[in-house]
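[1] Got a predicted structure plus its sequence, pasted below:
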Amino acid sequence: MQGPVVGKAAARCRSPLPPGTKSRDAIAHCVLYAFTGTRWTPVTPPTTVLLTLGRLPVALDIARAFAERGTRVVIADPWRTHLGSVSNSVAKTWRTASPSTSPTRYRAELEAIARVEKAELIIPVSEETVAVSKLVGRVGPGVFCGDFAHTLALHDKLDFIRLAESHGLRVPETAADAADCRDGVAYTIKPRQSCGGAGVRFVDADEKPEPGKDEIAQATVTGREISVFCIARDGDIAAMSAYASELRDGAVAIAFEAIECASATDWASQFVSAIGHTGFIAFDFIVDDEDVAWPIECNPRVTSGIHLVSRDAIYAAITGEETSVPTEAAPTRRMEFYSCFSQLFKNILKPAALRKVFAVIRSHRDVTWAADDKKPFLLMMIVNWRLLWTALRDRQSYARASVADLEYRGERD
């Protein structure tokens with residue numbers, strides 16, 4: 001039954017309102033109708049969402065954000081046990097094929113899970129996003145990412161640079177052929193499609209860069225490294241964080257702090273708007289001595305920056321629903337405790353490095369810990385045993401081992 005305010009608003013704009021419409025929605029409806037003749041439909045949040053990964057802490061942030069609002073969260077992951085499998089924010093978990101080795105089967109299983117669980121929204125999380133993007137427009141539920149061509153262009157380091165150039169945005173000099181590289185310039189050689197810093201090598205200015213097949217040579221920019229993470233809908237950024245690494249395990253940040261960098265966030269906002277992006281997207285920048293941010297990489301997926309966004313903001317950004325007063329302020333310093341703890345042993349004979357690790361552990365909040373959902377932190381070493389075994393067996397970093405079966409390797413099946 002409509003209240004008196006809603007009833008008056010409906011009468012004035014002469015456009016029928018859905019039953020149960022709130023007063024604030026009626027006002028928005030009438031303003032839009034008066035100026036455009038278009039009927040406004042309030043956002044209907046999903047009752048069930050399907051996350052396509054559960055092993056990483058970033059997935060927990062999304063699961064907790066939705067569960068806190070009463071949404072049922074289901075997770076699909078190629079691993080049988082993972083952080084999400086012991087989280088009280090997750091209603092059910094499913095095991096799938098690997099998107100790297102069996103992408104067609106993987107998508108078929110995701111579609112079947114979404115149908116069985118009556119999921120209204122599929123949310124890709126990490127490196128599996130490229131494979132999941134092929135479901136956009138092909139399944140009943142919404143998929144929170146761009147289509148395959150759009151996503152692959154962002155994932156590909158050369159295509160990303162060319163796309164940014166086409167919109168008039170500044171980018172570092174980038175070439176795919178040695179003939180296009182200038183003499184006397186230092187270059188960074190890296191695979192066009194890779195993750196976690198794999199395959200990166202540096203060429204001094206007095207050497208000739210020779211990018212191989214499916215590699216690029218990018219003029220090396222010196223300065224400080226920062227990252228920007230965004231959640232966007234139709235080119236509008238609904239949530240954003242900029243952060244700098246304070247501790248790394250190889251090329252991957254394991255402790256980070258929120259910062260301000262207008263040069264980087266402005267660039268990110270212009271790019272996201274120009275391509276009309278929907279979904280998660282993140283950028284790595286090098287900020288030079290003149291405080292100019294140069295984009296070197298784009299990741300169309302969730303990154304550590306989501307840990308610097310509050311649960312309310314995550315939920316509102318993904319669903320488009322108005323956010324209430326935040327239940328908690330967004331943290332400014334986060335760390336992956338177990339990864340940082342392992343650095344104590346790696347730096348046991350390096351006093352300066354050891355002091356830095358201790359300082360980080362004392363001053364930063366862990367990304368997995370939550371007072372209302374303790375098991376993922378307490379049982380991490382048990383449920384993520386496969387991650388530990390893979391890292392030790394293949395002599396990889398934990399970050400690399402965690403996505404080895406997710407990364408895009410082309411469609412082979």
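    Looks like it arrived, so ask away.
[2] in which helix or strand would I find Thr93?
    Secondary-structure element containing Thr93, defined by DSSP states H and E: strand 92-95.
[3] oh sorry, the question was meant for Gly184
    Taking DSSP H and E as the definition, one finds Gly184 inside no helix or strand.
[4] Go through the strand holding Thr93 and flag the buried ones.
    Judged by neighbour count (16 or more other C-beta atoms under 10 Å), strand 92-95 contains these buried residues: Lys92, Thr93, Trp94. Just so you know, the C-beta spots here come from the backbone N, C-alpha and C atoms, and that holds for glycine as well.
[5] so what's Glu117 up against?
    Thr48, Leu50, Val74, Lys92 (C-beta atoms under 8 Å, 6 or more residues apart in numbering).
[6] Specify the local secondary structure of the closest residue to Val221 other than its chain neighbours.
    Excluding its sequence neighbours, the residue lying closest to Val221 (C-beta to C-beta, 6 or more residues apart in numbering) is Ile286, at 4.1 Å. Classification of Ile286 by DSSP: H, G, I helix; E, B strand; the rest coil places it in strand.
[7] The strand holding Thr93 - contacts with which helices or strands?
    strand 72-77, helix 103-117 (3 or more C-beta pairs under 8 Å, 6 or more residues apart in numbering; DSSP states H and E).
[8] List of residues touching the helix or strand that comes right after the last one?
    Translated: helix 103-117. Once the chain leaves helix 103-117, the next helix or strand it forms, by DSSP H and E, is strand 121-123. Defining contact as C-beta under 8 Å, 6+ apart, one finds that strand 121-123 is touched by 46, 49-52, 62, 110, 114, 132, 135, 139, 141-144, 318.
[9] Farthest-apart pair in those, please.
    Spatially, the most separated pair among the contacts of strand 121-123 is Ile62 and Val139, at 19.1 Å (C-beta to C-beta).
[10] more neighbours, the two?
    Ile62 (27 against 16; other C-beta atoms under 10 Å).
[11] In a helix, the more buried one, correct?
    Yes - checked against three-state DSSP, Ile62 lies within a helix.
[12] Identify the residues contacting it.
    Leu51, Ile123, Val125, Val302, Ile306, Ile314, Ile318.
[13] 7 Å instead, please
    Shown in contact with Ile62 (C-beta atoms under 7 Å, 6 or more residues apart in numbering): Leu51, Ile123, Val125, Ile314.
[14] For the buried ones among the contacts of strand 121-123, write the corresponding PyMOL selection.
    Buried members of those, defined by 16+ other C-beta under 10 Å, are picked up in PyMOL with:
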select buried, resi 46+49+50+51+52+62+110+114+132+135+139+141+142+143+144+318
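[15] what about the residue nearest the centre of the chain, which helix or strand?
    For the chain, the residue nearest the mean C-alpha position is Val302 (1.1 Å; C-alpha atoms, centre = their mean). Val302 is part of no helix or strand when elements are defined by DSSP H and E.
[16] right, and it touches Phe280 too?
    Yes - with contact defined as C-beta atoms under 7 Å, Val302 reaches Phe280; the gap is 4.8 Å.
[17] Is Ala293 bridged to anything, and to what?
    On the basis of DSSP bridges, Ala293 is bridged to Val287.
[18] Check Val228 too.
    With DSSP bridges as the rule, Val228 is bridged to Ala242, Phe283.
[19] Help me confirm that it comes into contact with Phe283.
    Yes - assessed by C-beta under 7 Å, Val228 is found in contact with Phe283 at 4.9 Å.
[20] Now list whatever residues contact both of the two.
    Applying C-beta under 7 Å, 6+ apart, one finds that Val228 and Phe283 are jointly contacted by Ala268.
[21] on that earlier part again, mind listing what the residue nearest to the centre of the chain touches?
    Val58, Val125, Ser126, Phe280.
[22] With Thr303 as the reference, measure out to the third one.
    Yep, that's Ser126 we're talking about. Distance, Ser126 to Thr303, using C-beta to C-beta, to the nearest Å: 9 Å.
[23] pLDDT below threshold where in the chain?
    Along the chain, the parts satisfying pLDDT under 70 run over 1-43, 196-197, 322-329, 412-413.
[24] before we move on, back to that, take the contacts of strand 121-123 and keep only those in helices.
    Those of the contacts of strand 121-123 mapping onto helices are Ile62, Leu110, Ala114, Val132, Ile318, per DSSP state H.
[25] For these, please prepare TSV with the additional fields distance to His155.
    Below are the ones in helices among the contacts of strand 121-123 laid out as TSV (distance: C-beta to C-beta, whole Å):
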residue	distance to His155
Ile62	20
Leu110	19
Ala114	23
Val132	12
Ile318	20
